[in-house]
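Visitor: Fold the following for me, if possible:
(2 chains)
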Amino acid sequence: MRRHNLLLIFSVLGGLVLLFIIAPLAGMFLKGSGMAFSSTIHEKEVLESIRLTIVISLVTTSIFAVFGVPLAYLLARYTFPLKNLVLAIIDLPVVIPHTAAGIAILGFISRDTIPGRIASFIGIDFVGNPAGIGLAMAFVSVPFLVNAARDGFISVPVRLEKAALSLGAGHFTVFRTISLPLAWRSIMTGFVMMFARGLSEFGAVVIIAYHPMITPVLIYERFGTFGLKYAQPVAVLFVLVSLSFFVLLRFISSRKRNA
Amino acid sequence: MLEVRNLCLKLDEFELTDINFSVGDGDYFIILGESGSGKSLILESLLGMYHPDQGEIQFRGKNITETPISLRPAGIVFQDHLVFPHLTVFENIAYPLKRQHIKPREIRRKVVEMAEKLNISGLLHKKKEKLSGGELQRVALARTLVMKPPLLLLDEPLSSLDVTLKSEIRRLLRQLHREGQTIIHVTHDYVEAIALGNKVAILEKGTILQSGDIHEVFLKPKSAFVARMAGISNFFHVITDHTSEGKRIAVTDNGYMIHCTLEDDSKEGYALIKAGEITVSVNKPESSAMNVFRGVITEVADSPEGKELWIDCGIEIVALITRESFARLQLDIGLECWVSWKSSEVKFIDL
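Guide: From the prediction side, this is the model:
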């Protein structure tokens, strides 16, 4: 087959995939009524749920980055027994149904479990609480952060770290001054992916906390109660807000890389 | 003084075996060997990047075999420079100083001073991607020198440089040596070794074949490999025989006779002739030289000393002549010529 024929066929096939992603989103934006949208952006309930969703996802991602980035470094740099099992465990949340994940987390943090009792003792009740929502978001989205950060650390030549050691730096200093800045772009990509995945989580969250209502749950509730017409403006607004944050974080990470 | 005793290290399929050498304070020690002979591995073991399976490294009487990299008394300039790509040249050179908790003003003074010494003052705000190979080499050298390591380890520091830069860096290394810096330098280039070192170890497949004073090793090579590494181009495996007149001679594997001085009990060995000891002429020479061959020039190459000629006489002879002689004799590839050398110029190595 001649090369330009191959290019043409593959472009058409690829274009259909892109169309499949773009068409529903474009349809949602084009079909929506401007008046409905305008009144939605003034609804306190909607704005509060968007704020809650963004804050919980951002805080959760930041907290899990503190634990996930060192884990990613370990996985990138060291070999140890059962490493493949650890890698499989990290990928597990991606393959299990999210409602099942929600059930699993609920079973782990409900009031009659040890973690639930400990949390209750210090005044936190995960069920029906933003902390529980954060756990549900993190469970399904943390693999994106760990895997991206691990890829980033793998791409940093070990010899650069050894050169830094030979210049008198200790291991922590090498991590802080060489490995982390050089893997920064991948880590930020993972951060953005985890944050975005957390924003959009519905299945696991709805099992743990229907209230306070994050936006995906609110959209579902409006659709179930009032129908498509009432759910659509909230969906459009949430997609716009999510996209804005996505672009902003990507911009910050690329500025940091080029600095 | 650095002493390496019985160092053994196995890494995948490669092995360093029983490495022994010592480097005195102020020495310029060359480790000379072909690619893959383990030169860099020795350096990286000295630096602590690899821990030996066996053996000991001592520096000024202290065992440093297990000392962590960051506490070793050595600084290295890697072959691939390993300049940190996310830092400017200034930040790269300041990197080891920051680890020593020196005041920022003092760091700036030292970095600027070192940059001036290495002629890279104009590059201080640039990053790696904007630097040429020679500039990277000087930045890497500045970054290591600024921490004043008792031992400076250089891994093929001239390999990626053009002729002008090579000469510039050589001058700098000589200056450092004169200032008393102890240097261990690995290379595959015997010219580099002669130009810079005062001691040498010849390495082949993870084993040191010969070490000592550089002139002694190069003048009295103990094996064909050492001779080749020392730049002796003509070496032939020979067995001893007698001519019809009863004179003892060396015979190459393809039956060519080489006149040389032989011990009574010599039976087999290598005959070595330096390229510069071979005389090339257009007509058959009438001289006292016992070894005279006719051949065809198959290759000509420039070398710093003149012209190198490859001459097929049945055995391949490499001769080194001046450019003037090459022009005067109107030699060229494909032309016939005569080569000759005296018996006394042949070094015989007994096997």
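Visitor: Helices along chain A, start to end?
Guide: Assigned helices in chain A, in chain order: A:3-31, A:34-40, A:44-77, A:83-95, A:98-109, A:114-121, A:130-154, A:158-166, A:171-174, A:180-182, A:184-199, A:203-208, A:215-226, A:228-258 (criterion: DSSP state H).
Visitor: Mind giving me the packing neighbours of the fourth one?
Guide: This means helix A:83-95. helix A:44-77, helix A:130-154 (3 or more CB pairs under 8 Å, 6 or more residues apart in numbering or on different chains; DSSP states H and E). (Each C-beta comes from the backbone N, C-alpha and C, glycine too.)
Visitor: Contacts for it, please.
Guide: A:Leu75, A:Ala101, A:Phe139, A:Val140, A:Ser141, A:Val142, A:Pro143, A:Val146, A:Asn147 (CB atoms under 8 Å, 6 or more residues apart in numbering or on different chains).
Visitor: average pLDDT for that helix?
Guide: Here helix A:83-95 scores 92 as its mean pLDDT.
Visitor: Check the second one too.
Guide: With pLDDT averaged residue by residue, helix A:34-40 scores 78.
Visitor: Let's see it as CSV, backbone CA atoms only.
Guide: Written as CSV, here are the backbone C-alpha positions of helix A:34-40 (Å, rounded to 0.1, in the frame of the first residue of the first chain):
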residue,chain,number,x,y,z
GLY,A,34,-28.4,30.5,27.1
MET,A,35,-31.1,31.6,29.6
ALA,A,36,-31.0,28.3,31.5
PHE,A,37,-27.2,28.5,31.6
SER,A,38,-27.4,32.1,32.8
SER,A,39,-29.7,31.2,35.7
THR,A,40,-27.6,28.1,36.6
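Visitor: Look up how far A:Ile41 lies from the closest residue to B:Phe78 other than its chain neighbours.
Guide: Nearest non-adjacent residue to B:Phe78, counting by CB to CB, 6 or more residues apart in numbering or on different chains: B:Asp155, 5.3 Å away. Going from B:Asp155 to A:Ile41 by CB to CB, to the nearest Å gives 63 Å.
Visitor: So if I had to pick from those two, which one is more boxed in?
Guide: The neighbour comparison of B:Asp155 against A:Ile41 (other CB atoms under 10 Å in any protein chain shown) goes to B:Asp155, with 24 against 15.
Visitor: pLDDT value on A:Ile178, please?
Guide: So A:Ile178 comes in at 96 (pLDDT).
Visitor: what's the closest non-adjacent residue to A:Tyr230?
Guide: A:Arg222 (4.8 Å).
Visitor: For chain B, which residues score under the pLDDT cut-off?
Guide: B:219, B:264, B:350-351 (pLDDT under 70).
Visitor: For chain B, which strand extends over the most residues?
Guide: strand B:291-303 (DSSP state E).
Visitor: Parallel or antiparallel, which strands does it pair with?
Guide: strand B:306-312 (antiparallel), strand B:336-341 (antiparallel) (DSSP bridges).
Visitor: Pipe those strands into CSV and attach mean neighbour count and distance to B:Leu11 per row.
Guide: Formatted as CSV, the strands paired with strand B:291-303 follow (neighbours: other CB atoms under 10 Å in any protein chain shown; distance: least, CB to CB, whole Å):
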stretch, mean neighbour count, distance to B:Leu11
strand B:306-312, 19, 36
strand B:336-341, 19, 43
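Visitor: Quickly find the element holding B:Arg5.
Guide: Using DSSP states H and E, B:Arg5 sits within strand B:2-11.
Visitor: Now stretch A:53-67 - C-alpha only, CSV.
Guide: Once non-C-alpha atoms are left out, stretch A:53-67 reads as follows in CSV (Å, rounded to 0.1, in the frame of the first residue of the first chain):
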residue,chain,number,x,y,z
THR,A,53,-15.8,19.4,44.2
ILE,A,54,-12.8,21.5,43.2
VAL,A,55,-11.6,22.0,46.8
ILE,A,56,-11.9,18.4,47.8
SER,A,57,-10.2,17.1,44.7
LEU,A,58,-7.3,19.7,45.0
VAL,A,59,-6.7,19.0,48.7
THR,A,60,-6.9,15.3,48.2
THR,A,61,-4.5,15.4,45.2
SER,A,62,-2.1,17.5,47.2
ILE,A,63,-2.2,15.3,50.3
PHE,A,64,-1.7,12.1,48.2
ALA,A,65,1.1,13.7,46.2
VAL,A,66,3.1,13.9,49.5
PHE,A,67,2.8,10.1,49.8
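Visitor: Run through who's touching it.
Guide: Contacts for stretch A:53-67 (CB under 8 Å, 6+ apart): A:130, A:133-135, A:137-138, A:141-142, A:145, A:187, A:191, A:194-195, A:198-199, A:214-216, A:238, A:241, A:245.
Visitor: for the closest residue to B:Ala230 other than its chain neighbours, what are its contacts?
Guide: Residue nearest to B:Ala230 in three dimensions, not counting chain neighbours: B:Phe218, with 4.3 Å by CB to CB, 6+ apart. Listed by CB under 8 Å, 6+ apart, the contact partners of B:Phe218 are B:Tyr190, B:Ile194, B:Val200, B:Ala230, B:Gly231.
Visitor: before we move on, what about B:Phe14?
Guide: B:Gly36, B:Gly38, B:Leu41, B:Gly206.
Visitor: Flag the shaky bits of the stretch 1-150 of chain A, pLDDT-wise.
Guide: If you take pLDDT under 70 as the line, the stretch 1-150 of chain A has these spans: A:1.
Visitor: Over to the stretch 151-259 of chain A?
Guide: Using pLDDT under 70, the stretch 151-259 of chain A drops low at A:253, A:255-259.
Visitor: Flag every residue of it that's near chain B.
Guide: Selection of the stretch 151-259 of chain A residues close to chain B by CB under 8 Å from any CB of the partner chain yields A:157, A:159-160, A:162-170, A:173, A:177-178, A:181-182.
Visitor: One more pass at 6 Å, please.
Guide: When proximity is defined as CB under 6 Å from any CB of the partner chain, the stretch 151-259 of chain A approaches chain B at A:Arg159, A:Leu160, A:Lys162, A:Ala163, A:Leu165, A:Ser166, A:Leu167, A:Gly168, A:Ala169, A:Gly170, A:Pro181, A:Leu182.
Visitor: how near is B:Gly276 to B:Ser303?
Guide: 10 Å.
Visitor: Could you tell me how many residues sit around residue 19?
Guide: Picking chain A for this. 11.
Visitor: To clarify, I was referring to chain B.
Guide: Counted with other CB under 10 Å, residues neighbouring B:Ile19 total 25.
Visitor: Could you tell me whether B:Ile239 really is in a strand?
Guide: Yes - with DSSP: H, G, I helix; E, B strand; the rest coil as the criterion, B:Ile239 is located in a strand.
Visitor: so how far is B:Glu116 from it?
Guide: From B:Ile239 to B:Glu116 the distance is 61 Å (CB to CB).
Visitor: ok so, going back, let me have the residues of the stretch 151-259 of chain A next to chain B in TSV, extended by neighbour count.
Guide: Formatted as TSV, those follow (neighbours: other CB atoms under 10 Å in any protein chain shown):
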residue	neighbour count
A:Arg159	13
A:Leu160	20
A:Lys162	20
A:Ala163	29
A:Leu165	22
A:Ser166	26
A:Leu167	27
A:Gly168	20
A:Ala169	22
A:Gly170	15
A:Pro181	18
A:Leu182	20
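Visitor: residues in contact with the closest residue to B:Ser233 other than its chain neighbours?
Guide: Leaving aside its sequence neighbours, B:Ser233 sits nearest to B:Val318 (CB to CB, 6+ apart; 3.7 Å). Applying CB atoms under 6 Å, 6 or more residues apart in numbering or on different chains to B:Val318 gives the contacts B:Ser233, B:Asn234, B:Ala275, B:Trp310.
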